[in-house]
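>>> Prediction below, plus the sequence it came from.
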Number of protein chains: 4
Amino acid sequence: MGTLREECGVFGIFAQNTCDVASDVYYGLYALQHRGQESCGIVVNDDGLFRTHRDLGLVNDVFDHAAMELLGQGNMAVGHVRYGTTGATDRYNTQPIVVNHSKGRMALAHNGNIVNSLPLREELENKGSIFHTTSDTEVISYLITGERLTAPSIEEAVNRAMTRIRGAYSLVIMSPTKLIAVRDENGFRPLCYGKTPDGSYIVASESCALDAVGATFERDLEPGEILVFDKNGVRSIRDHCGKVPPSFCVFEYIYFARPDSVIDGACVHDARVRAGEFLAEEHPVEADVVIGVPDSGLDAAIGYSRASGIPYNIGFIKNKYIGRTFISPGQKSREDKVKIKLNPIPSVVRGKRVILVDDSMVRGTTSRRIVKLLREAGAVEVHARFSAPPFIAPCYYGTDIDSKEMLIACKHTLDEIAEIIDVDSLGYLSVEHVKMLAGKEKGYCTACFDEHYPTETPLDTRKDRFERKISENGKEDK
Amino acid sequence: MGTLREECGVFGIFAQNTCDVASDVYYGLYALQHRGQESCGIVVNDDGLFRTHRDLGLVNDVFDHAAMELLGQGNMAVGHVRYGTTGATDRYNTQPIVVNHSKGRMALAHNGNIVNSLPLREELENKGSIFHTTSDTEVISYLITGERLTAPSIEEAVNRAMTRIRGAYSLVIMSPTKLIAVRDENGFRPLCYGKTPDGSYIVASESCALDAVGATFERDLEPGEILVFDKNGVRSIRDHCGKVPPSFCVFEYIYFARPDSVIDGACVHDARVRAGEFLAEEHPVEADVVIGVPDSGLDAAIGYSRASGIPYNIGFIKNKYIGRTFISPGQKSREDKVKIKLNPIPSVVRGKRVILVDDSMVRGTTSRRIVKLLREAGAVEVHARFSAPPFIAPCYYGTDIDSKEMLIACKHTLDEIAEIIDVDSLGYLSVEHVKMLAGKEKGYCTACFDEHYPTETPLDTRKDRFERKISENGKEDK
Amino acid sequence: MGTLREECGVFGIFAQNTCDVASDVYYGLYALQHRGQESCGIVVNDDGLFRTHRDLGLVNDVFDHAAMELLGQGNMAVGHVRYGTTGATDRYNTQPIVVNHSKGRMALAHNGNIVNSLPLREELENKGSIFHTTSDTEVISYLITGERLTAPSIEEAVNRAMTRIRGAYSLVIMSPTKLIAVRDENGFRPLCYGKTPDGSYIVASESCALDAVGATFERDLEPGEILVFDKNGVRSIRDHCGKVPPSFCVFEYIYFARPDSVIDGACVHDARVRAGEFLAEEHPVEADVVIGVPDSGLDAAIGYSRASGIPYNIGFIKNKYIGRTFISPGQKSREDKVKIKLNPIPSVVRGKRVILVDDSMVRGTTSRRIVKLLREAGAVEVHARFSAPPFIAPCYYGTDIDSKEMLIACKHTLDEIAEIIDVDSLGYLSVEHVKMLAGKEKGYCTACFDEHYPTETPLDTRKDRFERKISENGKEDK
Amino acid sequence: MGTLREECGVFGIFAQNTCDVASDVYYGLYALQHRGQESCGIVVNDDGLFRTHRDLGLVNDVFDHAAMELLGQGNMAVGHVRYGTTGATDRYNTQPIVVNHSKGRMALAHNGNIVNSLPLREELENKGSIFHTTSDTEVISYLITGERLTAPSIEEAVNRAMTRIRGAYSLVIMSPTKLIAVRDENGFRPLCYGKTPDGSYIVASESCALDAVGATFERDLEPGEILVFDKNGVRSIRDHCGKVPPSFCVFEYIYFARPDSVIDGACVHDARVRAGEFLAEEHPVEADVVIGVPDSGLDAAIGYSRASGIPYNIGFIKNKYIGRTFISPGQKSREDKVKIKLNPIPSVVRGKRVILVDDSMVRGTTSRRIVKLLREAGAVEVHARFSAPPFIAPCYYGTDIDSKEMLIACKHTLDEIAEIIDVDSLGYLSVEHVKMLAGKEKGYCTACFDEHYPTETPLDTRKDRFERKISENGKEDK
């Protein structure tokens, strides 16, 4: 029932000969759809000629037969799914970006968020550059193109550009002859590659997209690594590896990634079951039934049940026809709408002490409504358990955990929160346990839980951005 | 993972004054969307003036803001969701049907299938009637209108028409001043009514639609009962009650209805959990994990786990963006497509003996692919358990279990089936247990399992229909 | 600049073998588009199987490649263009109507308006018939189907039905094996047939549609004639010919028909030029230039110039991108909108005495605005000449000259009208001259000019209709 | 019947206060629709905030109520209509272009074609710039933005950028506080301004757009002039005026502009009538009737008739529902299609010696078909007269007269052409008379008739472009 949003998913294919690469990207993006539902795009490389189709909408809306025919065959392709704000003009922010430049054509798909895009943008504009979008992806493309004026190859241009970029970025870049995958030196976002039985190389944000095209998982990219796929096979550039400690976004395990993906060696479903087991250990309570909030709380609910011995059951039916296009006509309150999405099964909770497991809580509003539904359905006790620590700080690396004012845990004590959402007890997973979700401890970014940011932050430049916005919209004085 | 389809869901509201009744129907149809995804429609009664909007598509596609504004306010409304074949012209088969006749206007929404529509249609055509659709709903509307020429009231016209109609029908009928709900004398399809806090009466195929509009469940209609809602309240006509033994479609419990609905006194989720428990009792096996095929096998899997003590886990991730509009571009085989919809979680099944629970098996093709996915993911044994008996006969009452040639259980022994779908063992729920799913034995239609049809069947008239089709498409000789 | 609207155009083809008949209908309807712009439809007869595509919109919007592919090949086809009121539900009033009945399939396209549809409809409803549209075309289809229960052939059923129908109707009917063309006994609306070089028979409302498919004009149907096209060639049934004097709608010559069509022996353009010549004779005036209101006033302006010797020039530029979809955003007044459609050429009228020729005047509003534009552009005198007599009575035969209250000539004297529209002189064509437009005098309907209706009128039944409407929308009392 | 295409039309408004400026641009673009039918766009300036809507399609398709609501109110706005090639990605070439840069926001609409865009683009790319479109408008926006880094004002930046640009450009530029109109120093394309009764300044490609919004024509911009509209009124910058002799595109008079527009002091309709008069003088012939090819040949036909005394008549009816979306389904030849667009009126030409007047001839194919239609309709002689000299050279200034290979006059003598298009005599207007179309001789570009190009041409850079295209689509070698 999470309302947090990841910003993007990326996918690329390098085939051994001309074939229906667009179809593979289609299936791959389909599998990555959970990482972005606002727009999507595919660029096919047909022997150096790029054909592009991008639009607002879900993968199977945007890529109808006409679009697939337009894309045609090729030997390489890249694709992208994106979450973004709405509006007709936003069509111009769809990815992959295509750059047509005399020094070489390039398509670029990006997942993440760079923290120094504003100063970089200012610097480039002061040299006369014009930006057509508001995305930091365009900043990256400018940096790479700038380096290409002098670099001996595109991968070297990418390598040089990486010295300027700070923050989270998993990139897939396609030149006329090469497919290049890049993971930032912190390794914030996942990126892996695999190989199909017929020798195509696949790059994807998550391994579930490799499964979707029948590819075998090879390995995750290391933080800071550049992989170059071309007719000579695959080559790794590691100039940026090991420079900083890794800081993988732990929320990929907790919420963003698909349970059937394996990231950096750990299965996401297992990590979530383990979160439920840790929760049972940290916050035990006597109860009759454990239920999860569909879909993201189900794995952890099974873990809690397993560790506590309290029976697991299905407590809510989620209306599976609710999509992002859900338009609420008429006068219904937001509370009614939760009921339309989620309906409790009364016989499961009536007269019962219920343990309710969810992944996380942002503002508390949704949790309060869900608890209310359980009580109306006859639950005598409700014990909320969250498989993440409280959010106390914004994320600058590509999710929309944005401002402290919105975060319930910034403004209230645990007791207050329990009262607000009307539960009999409340338990969050500890930051210590969070770091053990993948089985063994590894380098995580837990900034949203503890404010330990692994990079510089855009806090100062954010101030700039605010002022810039004012001046952009304001009067010109000359 | 079922591929069977119910044909329809119906909804009606009688409000105490003019209000946003269309919005309530919208939410109700949303909750009934699982009963029909091809088309939908709403007719609003604004003090005798009917406003209609119907189209192909899901509820939240068809009813955008413009459509809701067109419908406007009223004091009554009826709605319908429908499964049907595709094609532009099929738009003319959408419901509710609206009849404008000098003897009175009427809107009619129908769930079910009548078995004597062909002879009735012939009889009416021989009197000069012209049918505009191929649906049996139009036959019903003709019969009622025919009776209205002499009947003292619309409910009496309905009552008289019922003597002619055989088969399954749950109807909601709206005249300028009355809302009428009808359940056929066998009670094949569910139909219940409730009341909202502000006094509106709600009629719906399933109780989950009452929940969606905040109505309290009053009771199911009895088989053969007519309920009339008007300004004097609610009145029951029971001339057709108790004439034949009830024969409720047991597959509503097993697959069609939503788990959170309560039908004829039993919660659907509970019935399914019970099916899993019966299965564990009938077909025990040693294994490491019980998994369900999402979404319809999950409840029974929990029941099997509970009764057997073998741990329950999530074995498959279902891509939740797969809709009815899934277009498969390119050359992927059907096997690949199953993988795109369902991806196994390898760590859950690898090296394990797996019990796989699903609701039913029609042709066996899907089951075979699912088993293959499990084996590729490393399952060492796969034991299939189905919470329904084998299908051996067609259904004439509104589902698409159609011809014997398609049904795997008609052509093969259990051992052969186990070999075809490649499982280590295979177990179906017995017909005896099926009759106990609602907790206590009651009158069921189990014709698709045992060929005991509770009414006449259209077998002879089907032969007629075939010949008629030939002559319709053929040459006219005069 | 006329704002009157014809209701329909019809087209049919009987080919000698299976071919792309839909394409011919497409071109034919394209040529008839001026007779109806709200909706259109084509039904293809593929060896007895009917495929239909109908929708709201212009011919080249409705019939895209997908629609044409759906229609496919056949050996017969009928098509229809229609003017009608707007609204999503109006889609159900599109034509051709297709009747699927056990006595035989039939498609029917109708141009005209029958005057006794209301009593016929009542009679049919009292036998239990249900109407799905509000069009009189459905009444005709019911009558024909009723006769088919006993008639030995479809043409005989049509022949019998004609005895019941009063008013204007040009019909094209398609059975599985025959194409039938019918013109009412008064001959209100045009209907002709021709033959293509490869032997296909074509039936069309106007000869310009024969030109569009490369067919040679054979002849107009006689009033009351039935033509039957089948594998034996063409056969005429003349039981209804000569029973009443012909009464062709003279407004087809004046405004409705396309100038390049030839109807009942006279070229429409020539008839209009002749109207201008008569006008110059009846209403001479000294002036410097003659201009026509585009497009319908241009031919008569040339005639006026020719007869008077006063030079013809182009006085207005009509924006050719103005379509029926012209949406006026914002706050512009209706006067501004006329200016957007029509812009005067100042150098043509500045300082000039201008004779302004138009086809007719309904309410006077448009004429007033056009005169105002001329005066603002510098015309010193404006003399209005109309190539039709004043409208003083409603038309019941398929045009929208509706109620006396709207007609400026019913409420004002000529002098008052001249003052209202602000012209220096005003001249209408006389009814006597109107009857000579085709060169020789022939039987015309001039009811809208002189109230001599050639048939019974629906005046009484109109009263019924009004009451019926009340009761339909009102409360039902039993 | 011309098939030549102008590339664009521009429109701008500077209002005295916040109002519905988008509506005025809508009406203005409507009047300029003939200058470009492929795409259109409007940018509204709401106190420094820019709102944009652009899309492929005609003005009244693109700007529906939702789009107009999105644009909202403002105090300035610019708009654009464009002709361009089709294709989904072409959406990115729509105008006005909006530049968001730290030195100031800018919207830019362009009519014309600059001849040195390729070397300018290379130069900018070598500094690291990235182009997102293939249009020269983006080159102009880069040049202006580059100058803004140092210029004291936007108008000075524009003034400086003009020293680099060669070719045809009529620009409307909008900054947060200023509206700027620019006409290139040759004055190839028209551009004028006017004032509405409530004090708004209007800039438009043609005066017919001023009429459409009720503005009074003030004057044409001079070649090389910059006009700046801001809160202080209007100011002229003339640094680039008078540097080169004017060379207005004479084809604006002959074909592109609307007849009701007045350009550089001459009414377009009058110029065309004059062309017909010159033609009668240069190429007299005995004949019975003069007809024009609709719509562009009608004015000159009237002139020819007036000068020769041979009667004018309407010879063709043009189907007014033919739009740019005309899709030809099926197997019809191109000859058939001409017949569907244009149908001759047989009674006008049968047995007659016909003078056929058209504006120009490019490849001769259309003319041949039109002549054939006349002969089939019974014309005994056909004499073709064109109100333009033969095309012998490509245009580099914004029309699509492209390559010599396509031009019939480059490959054939007059006698050969007469034979090819099957006319009894053939006459073109002489270049000398063309220069007198506006009444008095003035500076014209007649390069397409005589190869005297008033600027450098892109011939060399065109070679570059070809090679560049190869390398862009080809393999990258590093």
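Structure's in. What do you need?
>>> C-alpha from now on. contacts and neighbour counts both.
Noted.
>>> Whichever helix or strand A:Val354 is part of - contacts with which helices or strands?
Assigned by DSSP states H and E, A:Val354 belongs to strand A:353-358. Secondary-structure packing of strand A:353-358 (3 or more Cα pairs under 8 Å, 6 or more residues apart in numbering or on different chains; DSSP states H and E): strand A:289-292, helix A:298-308, strand A:381-386.
>>> Any chance of TSV for these, columns mean neighbour count?
Below are these laid out as TSV (neighbours: other Cα atoms under 10 Å in any protein chain shown):
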stretch	mean neighbour count
strand A:289-292	26
helix A:298-308	27
strand A:381-386	24
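>>> for those, which one sits closest to C:Leu58?
Of all the helices and strands packed on strand A:353-358, it is helix A:298-308 that lies closest to C:Leu58, at 53.1 Å by Cα to Cα.
>>> Report the distance from the closest one to the chain centre.
The chain centroid and the centroid of helix A:298-308 are separated by 24 Å under Cα atoms, centre = their mean, to the nearest Å.
>>> Check whether it comes close enough to chain B to count as a contact.
Yes - using Cα under 8 Å from any Cα of the partner chain, we find that helix A:298-308 touches chain B at A:299, A:302.
>>> Off-centre distance for whichever helix or strand comes after that helix?
Using DSSP H and E, the helix or strand that follows helix A:298-308 towards the C-terminus is strand A:316-318. Here the centre of strand A:316-318 is set off from its chain's centre by 24 Å, with Cα atoms, centre = their mean.
>>> Equivalent analysis for stretch A:33-42, please.
How far stretch A:33-42 lies from its chain's middle: 10 Å, per Cα atoms, centre = their mean.
>>> Can you measure across it, start residue to end residue?
End-to-end distance for stretch A:33-42, by Cα to Cα, to the nearest Å: 13 Å.
>>> re the thing from before, within the sheet, what are the partner strands of the strand holding A:Val354, with directions?
Sheet pairing of strand A:353-358 (DSSP bridges) gives strand A:289-292 (parallel), strand A:381-386 (parallel).
>>> Same list (those) but as JSON lines, adding mean pLDDT and distance to A:Ile420.
Below are the strands paired with strand A:353-358 laid out as JSON lines (pLDDT from 0 to 100; distance: least, Cα to Cα, whole Å):
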{"stretch": "strand A:289-292", "mean pLDDT": "98", "distance to A:Ile420": "20"}
{"stretch": "strand A:381-386", "mean pLDDT": "98", "distance to A:Ile420": "12"}
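>>> what does the stretch 101-250 of chain A have sitting close to chain D?
Close to chain D, as judged by Cα under 8 Å from any Cα, the stretch 101-250 of chain A has residues A:101-102, A:104-105, A:122, A:125-132, A:142, A:145-146, A:149, A:152-154, A:175-177.
>>> Pull out the buried residues from the helix or strand just after the strand holding A:Val354.
Following strand A:353-358 in sequence order, the next helix or strand is helix A:365-376 (DSSP H and E). Using 16 or more other Cα atoms under 10 Å in any protein chain shown as the test for burial, helix A:365-376 gives A:366-375.
>>> Mind jotting down where the helices sit in the stretch 351-478 of chain A?
A:365-376, A:408-411, A:414-421, A:431-434, A:447-450, A:459-473 (DSSP state H, counting those that start in this stretch).
>>> centre of the chain versus the fifth one, how much separation?
On the basis of Cα atoms, centre = their mean, helix A:447-450 sits 17 Å off its chain's mean C-alpha point.
>>> Can I get it as CSV, trimmed to CA atoms?
What follows is helix A:447-450, C-alpha atoms only, in CSV (Å, rounded to 0.1, in the frame of the first residue of the first chain):
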residue,chain,number,x,y,z
ALA,A,447,19.8,8.6,4.9
CYS,A,448,16.0,8.8,5.0
PHE,A,449,16.1,6.9,8.3
ASP,A,450,19.2,8.5,9.9
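>>> circling back: mind listing residues that contact the strand holding A:Val354?
A:1, A:286-293, A:296-298, A:300-301, A:379-387 (Cα atoms under 8 Å, 6 or more residues apart in numbering or on different chains).
>>> Go through the helices of the stretch 351-478 of chain A and find the least confident stretch.
Looking over those, mean pLDDT reaches its minimum on helix A:459-473, with a mean of 50.
>>> Would you list the strands that the strand of greatest length in chain A pairs with, along with their directions?
As assigned by DSSP state E, the longest strand anywhere in chain A is strand A:8-19. Each strand paired with strand A:8-19, and its direction, by DSSP bridges: strand A:74-82 (antiparallel), strand A:201-204 (antiparallel).
>>> which secondary structure elements does the next helix or strand after the last one contact?
Right, strand A:201-204. Where DSSP H and E defines the elements, the next helix or strand beyond strand A:201-204 is helix A:207-212. Counting contacts by 3+ Cα pairs under 8 Å, 6+ apart, helix A:207-212 packs against helix A:21-31, strand A:192-195, strand A:201-204, strand A:216-220, strand A:262-263, helix B:334-341.
>>> Please identify which residue in the stretch 201-350 of chain A comes closest to chain D.
Using Cα to the nearest Cα, the single residue of the stretch 201-350 of chain A nearest to chain D is A:Asp230, 11.2 Å away.
>>> That residue and A:Met174, how far apart?
10 Å.
>>> Point out where chain A drops to low pLDDT.
Chain A contains residues with pLDDT under 70 at A:1-6, A:84-91, A:323-337, A:402-403, A:405, A:441, A:460-478.
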